[in-house]
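A.B. asks: no FASTA, just this:
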C-alpha cells in the first residue's frame, strides 16, 4: 500500500514538475519574407537564447512591417518585428488592442525618395514638376504631404501615381517615373537584384534628413502578453538584445542563423542588407547615447505628431501607449558595438 501511494505521489510530482517546466509558447511574425535584417531573431532562436528564457518561440515569415501590427491585434501572433508608425495609427483608435513596441531596433526611418542621378534631380526642390510613383497606403506615400509641407515645396507641382510595389524599381529603371516613394532597405536591394548600382547611379532623399524625425521597425508584443506574462516579454527582449550585440560584432554569425532558418535566401545579398540596416537604420548618435532598443520620449512625441498629420488621425496617442521601456535591460547591457565584417 505504501509503495503504491508513494508511486502515486511521485507520479503526481513528476506531472506537476513537467507542467511547471513547460516553456511559454510565443508565436512571432517577421516583417516580410526572410531577410538578413531579421538575423537577431533567428540567431536568438538558433542559439537557444529564447529557450534559456523559458520560451518556445515559433517564427513565421511576414506580410509587411505594417501587417505585423494587424497580425498581433487579431490574436494570431504574440509578438513580431514591425513598424512603430503602424502602432501609432492603431493606438489612435484602438489603444486597448494595439501592440506595444518594447525594443526599438531601427532608430532611423527607412522612408525615402529614390531617383536616378541622370534625372537631373539634385535637390528636393527639383522634385517639383516631376512624377513620383508609390504604393498606396505605404508610410512613404502617406507621409509625403507632410514632407512637402515641412520643406516648403509646392504640392501642386509634384504628381504622384499609384503602382504595385513590385513595379516601382522597374518603372524607375525604365524612366516611366522620375522617382519612387519607397523603403530604402527594400528598394536599394531590389535595384541590386535588377543588376543596378544603387550607389553609383541613384540618389536617395531620406525622410529622416528632411525634418521627418521618425522611428521605424523593432520588436513589438501584444498587450495581452504584457498583462498576462510580463516575464515572457522581458525574456524576449533579453534574448533578442543578446543576439543583436553579437551580430553587431559578427554579421556572419547572424547570416548562419538566417541560412539555417531559410536555405533559399541569397546570402551575399542578405548579408549586405543586414549591414545596410546597421549603417543606415540602427547605428546613430542617439543609439550610442541611450543604447539599442530605447527611444527618446520627446522625439517619439514629435514622430507621433507627424504620423497624426500624415494619416489625418483624430487622436494623438501618448508615447506610453506606443512604447514601453519597462522590459529593457540596463543601458550598460545594451551598448552595441558595430564592426562591419
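C.D. replies: Looks like it arrived, so ask away. This structure is a prediction, so every number in the text was calculated from the model and none was measured. Residues are numbered from 1 along each chain as shown.
A.B. asks: For the closest residue in space to residue 163 that isn't next to it in sequence, list each beta-bridge partner.
C.D. replies: In space, and not counting its chain neighbours, residue 163 is closest to residue 133: 4.9 Å by C-beta to C-beta, 6 or more residues apart in numbering. The C-beta positions use only the backbone N, C-alpha and C, and glycine is treated the same way. For residue 133, the beta-bridge partners are residue 161, residue 180 (DSSP bridges).
A.B. asks: just use 509 as the starting number from now, easier for me
C.D. replies: Sounds good: first residue 509 from here, last item residue 641.
A.B. asks: Could you pull up phi and psi at the residue nearest to residue 639 when sequence neighbours are not counted?
C.D. replies: With sequence-adjacent residues excluded and distances taken as C-beta to C-beta, 6+ apart, residue 639 is closest to residue 667, at 4.5 Å. Phi and psi for residue 667, reported as degrees, to the nearest 10, are phi -100, psi 140.
A.B. asks: Tell me how this structure divides into domains.
C.D. replies: With domains defined by automatic domain parsing, the chain comprises 533-616+723-841, 619-717.
A.B. asks: quick one, which of those is packed in tightest?
C.D. replies: For the domains of the chain, average neighbour numbers computed from mean count of other C-beta atoms under 10 Å are highest in domain 533-616+723-841, which has a mean of 20.
A.B. asks: Who does the residue most central in space within the chain form a beta bridge with?
C.D. replies: In the chain, the residue lying closest to the centroid (C-alpha atoms, centre = their mean) is residue 725, at 2.3 Å. Assessed by DSSP bridges, residue 725 has beta-bridge partners residue 591.
A.B. asks: And the pLDDT at it?
C.D. replies: At residue 725, the pLDDT value in this model is 96.
A.B. asks: Would you check that it makes contact with residue 590?
C.D. replies: Yes - using C-beta atoms under 8 Å, residue 725 is in contact with residue 590, at 6.2 Å.
A.B. asks: between these two, what contacts are shared?
C.D. replies: Residues touching both residue 725 and residue 590 by C-beta atoms under 8 Å, 6 or more residues apart in numbering: 539, 573.
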